[in-house]
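Asks: Got a predicted structure here, sequence first:
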Amino acid sequence: MNAAVAQFIASYSNIIDLCLLNSLIAYGLFLALSANMFSLATGGFMALGAYSSVYLTMELGLPFAPAVLAGAICGAAAAALIGAPVLRLRGDYFMLATFGFTEVVRVIALNWDSFTGGALGIVSIPRYTQTWHLVLALIVMVYVVHTLRGSYFGRAIAAIKQDDVVAQTMGVNVFAYRLSLFVASGFICGMAGAFAAHLNYFIGPGDFGLVRSVDALTYPILGGVNALAGPVVGAVFTTILPEALRFSNQLREILMGALVVAVVLYLPDGALSVLKLRRRSGKSGSGKVATATPRTKQ
Amino acid sequence: MTDGELKVWQIAKHFQGIVAVDSVSFCAKAGHVTGLIGPNGSGKTTTMNMITGLYPIDAGRIMLDDENLTGVEPHRIAALGVARTFQNIRLLADQTVLANVMLGTHRSHRKGLPSVFARLPGVAAEERAAQARCRTLLEELRIDRLADSAAGDLSYGDRRRVEIARALASQPRLLLLDEPAAGMNHAEKGRLGDLILQIRQSGITVLLIEHDIDLVSKVCDHIVVLNFGREIAEGTPAEIRQSPAVIEAYLGREDA
């Protein structure tokens, strides 16, 4: 039995690491989404974390732990810098501005040959990232999110998400909350970038572009932004599904796209809202289900 | 300095050339209920939005006791002891009544993030105290039986009460009520009037925007009347009822 488990883990360890990494990213996005920030800056933050940590380990010979921390701090610093102007923007404009940031980082990575290796990227990066690093980071992250949600901070964040005017008039410093969450999101994504770089032997500018940012946004949205486990469910599902659909390369992308559309249409609060619906209908009859689902999303 | 006297001097607000409020001045005396009335579009809600900092003011000055509210951010104004309700009720619909009211206690929490993450016992104690305070408040407003219902499922009158409870949970010096009786039936209006007098009793200054003249006459010590962004009359309810300018604003000129 144990041997079977060991074999399973050995043959799927790549996918497990990827699931853990993407779950971490998903929580980074979850923090931003919890205050209605649809951020496309993930790719940019991850690139900063990846390149800076690789520079520290490969060029300066620093140990892995401080390099990861530095990568996370780079992501957080970038979030703090762009946060002040960008957070004044609403909805679509915020999304565009964060996308612009990711593009700027990508173009810099593409052209700054001496630091990033340009279009060819950086190869033979030592594989320092261990599965337990990712597990530990994820556990800390889940604890942080869980504790926040149960505190008055979480209450203020929930209020900002639903009605920031109410939050303000009740004494919540909405801008400070948004900026802090955005910086925390940058920290997590920068850390994830550092882990990702030391997991793959190779990084290039194409790894951290728009696709990365959009994927990261779909994890918590698919899984559900109102449930603690939502980001993990979304990330694991989106990571495993392409593997399961390996039989057809074209179909894989199409099915993924169709799935996202289906979830957004029928489960606007994410896959985990199925549990909530069942609980509600069990309690008060099926008539209640209809009133439980629709929710306006800006 | 916890009196809660509001002074407004010649405040003005323009929206792209349209004058919404033009040089309005009045005073809401500490511990009194002051009514702010006027026909639709006369600038009442704009005035309230300026007092709470939601609209930056173009000219004039607003003071609460000896503290300046002019150009201060909304959350800081809230911290100075100003709470409000909204004309179009703004509750967090999918959260419970208790959770909504608890939002009002936000400023009373003193423990920082490190204590929260370390789960220090003080954090839980603070949360319990806030919750106890909110439950008492719900009892006083006779909506304690609804504490665990979703705010969105409540009747109109009850939602208004929850909004008032949320505002009171922030322990304000000054409470602003924007048309609290709108959409209420006669009995609900009566109970609302009693509630406002009860709030007055507890020493909180109230500024009330309202159309219902019976309610205004019943609870207000003093009334300010606006029309087209200007103040056209001021006085006791009895004086306001006799004022030719007010009658003209509401009913039109007799010879017209």
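Replies: Thanks, I have the structure now. Numbering: from 1, shown residues only, chains lettered A, B, ... in the order given.
Asks: Tell me which other helices or strands the helix or strand of chain B with the lowest mean pLDDT touches.
Replies: None of the helices or strands of chain B scores lower by mean pLDDT, DSSP states H and E than helix B:244-251, at a mean of 80. Judged by 3 or more Cβ pairs under 8 Å, 6 or more residues apart in numbering or on different chains; DSSP states H and E, helix B:244-251 is in contact with strand B:222-227, strand B:230-235. All C-beta atoms are positioned from the backbone trio N, CA, C, and that covers glycine.
Asks: Columns distance to residue B:168, mean pLDDT and mean neighbour count on top of the ones you listed, output as a markdown table?
Replies: What follows is these, written out as a markdown table (distance: least, Cβ to Cβ, whole Å; pLDDT from 0 to 100; neighbours: other Cβ atoms under 10 Å in any protein chain shown):
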| stretch | distance to residue B:168 | mean pLDDT | mean neighbour count |
| --- | --- | --- | --- |
| strand B:222-227 | 22 | 91 | 23 |
| strand B:230-235 | 27 | 89 | 17 |
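Asks: other SSEs contacting the helix or strand harbouring residue B:162?
Replies: Secondary structure from DSSP states H and E places residue B:162 in helix B:156-169. Secondary structure elements in contact with helix B:156-169, counted by 3+ Cβ pairs under 8 Å, 6+ apart, are strand B:82-84, helix B:97-103, helix B:121-140, strand B:174-178, helix B:186-201.
Asks: So which residues make contact with that helix?
Replies: Here helix B:156-169 makes contact (Cβ atoms under 8 Å, 6 or more residues apart in numbering or on different chains) with A:170, B:83-86, B:89-91, B:97, B:100-105, B:133-134, B:137-138, B:141-143, B:146, B:151, B:154, B:175, B:177, B:180, B:183-185, B:188, B:191-192, B:195, B:199, B:204.
Asks: which of the helices and strands packed on helix B:156-169 sits most buried?
Replies: Looking across the helices and strands packed on helix B:156-169 with neighbours counted as mean count of other Cβ atoms under 10 Å in any protein chain shown, the highest average goes to strand B:82-84: a mean of 28.
Asks: How about stretch A:168-186, which residues are buried there?
Replies: By neighbour count on 16 or more other Cβ atoms under 10 Å in any protein chain shown, the buried set for stretch A:168-186 is A:168-175, A:177-186.
Asks: Of these, which ones also sit close to chain B?
Replies: With Cβ under 8 Å from any Cβ of the partner chain as the criterion, those include A:168, A:169, A:170, A:171, A:172, A:173, A:174 near chain B.
Asks: Quick one: those as TSV, columns for pLDDT and secondary structure too.
Replies: Output for these, formatted as TSV (pLDDT from 0 to 100; DSSP: H, G, I helix; E, B strand; the rest coil):
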residue	pLDDT	secondary structure
A:168	94	helix
A:169	94	helix
A:170	94	coil
A:171	93	coil
A:172	94	coil
A:173	94	coil
A:174	94	helix
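Asks: which bits of the stretch 51-200 of chain B sit near chain A?
Replies: B:52-54, B:73-75, B:78-79, B:83-84, B:86, B:90-95, B:99, B:102-107, B:109, B:113, B:116-117, B:119, B:123, B:127, B:130, B:166, B:170.
Asks: One more pass at 6 Å, please.
Replies: B:52, B:74-75, B:78-79, B:84, B:90, B:92, B:103-104, B:106-107, B:109, B:116-117 (Cβ under 6 Å from any Cβ of the partner chain).
Asks: List only buried entries from those.
Replies: The neighbour-count test (16+ other Cβ under 10 Å) marks B:52, B:74-75, B:78, B:84, B:90, B:92, B:103-104, B:106-107, B:109, B:116 as buried among those.
Asks: Pick the one among those closest to residue A:41.
Replies: Residue A:41 lies nearest to residue B:75 out of those, by Cβ to Cβ, at 25.4 Å.
Asks: OK, contacts around that closest one?
Replies: With contact set as Cβ atoms under 6 Å, 6 or more residues apart in numbering or on different chains, residue B:75 has these partners: A:168, A:171, A:172, A:173.
Asks: at 7 Å what do you get?
Replies: Applying Cβ atoms under 7 Å, 6 or more residues apart in numbering or on different chains, we find residue B:75 in contact with A:168, A:171, A:172, A:173, A:174.
Asks: Flag the shaky bits of chain A, pLDDT-wise.
Replies: A:1, A:9, A:248-249, A:274-298 (pLDDT under 70).
Asks: what's near enough to touch residue A:128?
Replies: A:57, A:64, A:198.
Asks: Out of these, who's the most crowded?
Replies: In terms of neighbours by other Cβ atoms under 10 Å in any protein chain shown, the contacts of residue A:128 top out with residue A:198 at 25 neighbours.
Asks: Correct me if wrong: it contacts residue A:124.
Replies: No. Counting by Cβ atoms under 7 Å, no contact exists between residue A:198 and residue A:124, whose distance comes to 11.6 Å.
Asks: coming back round to it: can I get the helices and strands packed on helix B:156-169 in TSV with mean pLDDT?
Replies: Converted to TSV, the helices and strands packed on helix B:156-169 look like this (pLDDT from 0 to 100):
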stretch	mean pLDDT
strand B:82-84	95
helix B:97-103	94
helix B:121-140	92
strand B:174-178	95
helix B:186-201	92
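Asks: Now distance to residue A:257 too, for the ones you listed, in JSON lines please.
Replies: Listed next are the helices and strands packed on helix B:156-169 as JSON lines, based on distance: least, Cβ to Cβ, whole Å:
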{"stretch": "strand B:82-84", "distance to residue A:257": "45"}
{"stretch": "helix B:97-103", "distance to residue A:257": "37"}
{"stretch": "helix B:121-140", "distance to residue A:257": "44"}
{"stretch": "strand B:174-178", "distance to residue A:257": "46"}
{"stretch": "helix B:186-201", "distance to residue A:257": "51"}
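Asks: how about these, which one is nearest residue A:101?
Replies: So among those, helix B:97-103 is nearest, using Cβ to Cβ, at 32.2 Å.
Asks: And the contacts of that closest one?
Replies: Taking Cβ under 7 Å, 6+ apart as the rule, helix B:97-103 contacts A:155, A:159, A:170, B:91-92, B:130-131, B:134, B:137-138, B:143, B:146-149, B:151, B:162, B:165-166, B:169.
Asks: ok, now with 8 Å
Replies: With contacts defined as Cβ under 8 Å, 6+ apart, helix B:97-103 is touched by A:152, A:155-156, A:159, A:166-167, A:170, B:91-92, B:130-131, B:134-135, B:137-138, B:143, B:146-151, B:154, B:162, B:165-166, B:169.
Asks: Repeat that for stretch B:144-153.
Replies: So stretch B:144-153 is contacted by B:91-98, B:100, B:135, B:138, B:154, B:158-159, B:162 (Cβ under 8 Å, 6+ apart).
Asks: List the buried residues for that stretch?
Replies: By neighbour count on 16+ other Cβ under 10 Å, the buried set for stretch B:144-153 is B:144, B:146, B:147, B:150, B:151.
Asks: Give me the distance between it and the centre of its chain.
Replies: In terms of Cα atoms, centre = their mean, to the nearest Å, the centre of stretch B:144-153 is found 22 Å from the chain centre.
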